[in-house]
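Peer 1: I'd like to go over a predicted model; first the sequence, then the structure.
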Amino acid sequence: MSVQASHSTQPVPPKKRQKSVTASKRHGVAPWLVLGAVMFTVLAWLFPLWMAVVNAFKTPQDFLNSGSLSLPKSLDFSSITKFWTDVDFNRKLFNSIQVSFWVALFGVILSFLTAYAIGIGRVKGRNVVLGLFMVAFTIPQEALIYPLYKMAKILNLYDSIWSVIIIFSVLQSAFGTYMLSSVLSEFPGEILEAAEIDGAGSFRIMWNVVLPIVRPTMMVLATFFFIWTWNEFLIPLVMLPSNDSQTVALSMAITTGQYTSDPTTRAAAALVGLLPSLGFFLVFQRTLMRGVTLGAVK
């Protein structure tokens with residue numbers, strides 16, 4: 001006991017103590033700078049949401065008297081009710097859920113099949129194909145809108161939500177293919193060889209071997225595709241002119257006219273339109289984090 005006590009109370013050499021103090025000083029500022037940058041980004045992202053929440057529950061008179069930054073004097077749901085009934089929000093919500101769900105499903109399926117052919121199938125010219133996919137998801141929608149409009153007219157899909165579903169499924173699968181192919185290109189060949197030795201065919205290898213491993217990454221893609229499609233505006237604006245086929249993003253534009261503006265109704269529209277996608281993200285955040293950490297093939 002005395003030996004252990006004397007050993008534990010030995011003084012730290014001055015050189016080691018100086019090095020530890022110097023290291024703590026050298027690394028002590030950077031974490032605080034990173035934390036400050038993160039906090040600033042979070043506050044900048046939350047500020048528009050806070051503005052929507054504060055002003056959505058104000059009366060127009062309260063907004064004029066107290067401004068946009070003050071808290072409401074009382075909770076008033078008239079702006080939310082007015083927006084909900086004026087735009088037939090139940091219909092818009094159903095349309096957005098349909099479009100986002102089918103785009104997430106079809107986009108992930110297309111991404112997996114094409115990425116499997118590139119990453120596992122090792123098709124000829126796969127680098128060229130990947131380059132084309134990279135170009136595809138960098139082209140602005142403004143450059144594609146007229147050809148897509150003409151194709152929808154020719155195929156009698158104009159003013160149908162299926163035109164938007166098909167378009168976004170293909171567009172989103174470009175990014176999904178690029179992401180999944182980078183994962184599948186590093187897939188262990190020993191696992192594939194073992195499955196072939198056991199007599200598994202190409203479809204069984206894809207379904208029972210490859211798919212379970214990349215499923216977390218596919219869930220991440222599905223979450224991204226759902227949220228991205230929910231917030232799309234330009235292509236639905238052109239492809240869905242009638243009120244019955246429009247989405248939530250389009251309904252928020254009805255609050256501002258050429259000569260009229262209702263700030264409280266606009267805030268209510270922003271809040272009501274944001275909550276479904278925010279709720280979807282919060283529900284699937286655990287799946288999203290698991291996909292980010294477990295999606296890579298070791």
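Peer 2: In hand now; what should we look at?
Peer 1: distance of the closest residue to K82 other than its chain neighbours from K124?
Peer 2: In space, K82 comes closest to T265 once its chain neighbours are excluded; the distance is 5.9 Å by CB to CB, 6 or more residues apart in numbering. In this view, the C-beta of every residue, glycine as well, is placed from N, C-alpha and C. Using CB to CB, to the nearest Å, T265 is found at 57 Å from K124.
Peer 1: you'd agree V129 is up against A115?
Peer 2: No. The criterion here is CB atoms under 8 Å, and V129 misses it with A115 at 10.4 Å.
Peer 1: higher neighbour count, T265 and K124?
Peer 2: T265 (21 against 8; other CB atoms under 10 Å).
Peer 1: in the strand or helix carrying the more buried one, what counts as buried?
Peer 2: Secondary structure from DSSP states H and E places T265 in helix 263-283. Neighbour-count burial for helix 263-283, with 16 or more other CB atoms under 10 Å as criterion, is recorded at 263-274, 277, 280.
Peer 1: so what does that helix touch, helix or strand wise?
Peer 2: Counting by 3 or more CB pairs under 8 Å, 6 or more residues apart in numbering; DSSP states H and E, the packing neighbours recorded for helix 263-283 are helix 30-56, helix 60-66, helix 78-86, helix 89-119, helix 211-230, helix 248-251.
Peer 1: rerun at 6 Å
Peer 2: helix 30-56, helix 60-66, helix 78-86 (3 or more CB pairs under 6 Å, 6 or more residues apart in numbering; DSSP states H and E).
Peer 1: quick one: average pLDDT of that helix?
Peer 2: Across helix 263-283, pLDDT averages out at 84.
Peer 1: G176 and M218: what is the separation?
Peer 2: G176 is 8 Å from M218, by CB to CB.
Peer 1: which stretches of the stretch 1-150 of the chain have low pLDDT?
Peer 2: 1-28, 122 (pLDDT under 70).
Peer 1: residues contacting I161?
Peer 2: Going by CB atoms under 6 Å, 6 or more residues apart in numbering, I161 touches N95, V99, S245.
Peer 1: look at it and report its pLDDT.
Peer 2: pLDDT at I161 comes out at 94.
Peer 1: hmm, back to that, and G176 and M218? Which one has more around it.
Peer 2: G176 (27 against 21).
Peer 1: count of neighbours near the residue nearest to S160 when sequence neighbours are not counted?
Peer 2: In this structure, S160 finds its nearest non-sequential neighbour in S245, 6.7 Å apart by CB to CB, 6+ apart. A total of 21 residues lie near S245 under the criterion other CB under 10 Å.
Peer 1: next one: N55
Peer 2: Using other CB under 10 Å, N55 has 24 neighbouring residues.
Peer 1: tell me which residues touch it, please.
Peer 2: Taking CB under 6 Å, 6+ apart as the test, what N55 contacts is S68, T264, A267.
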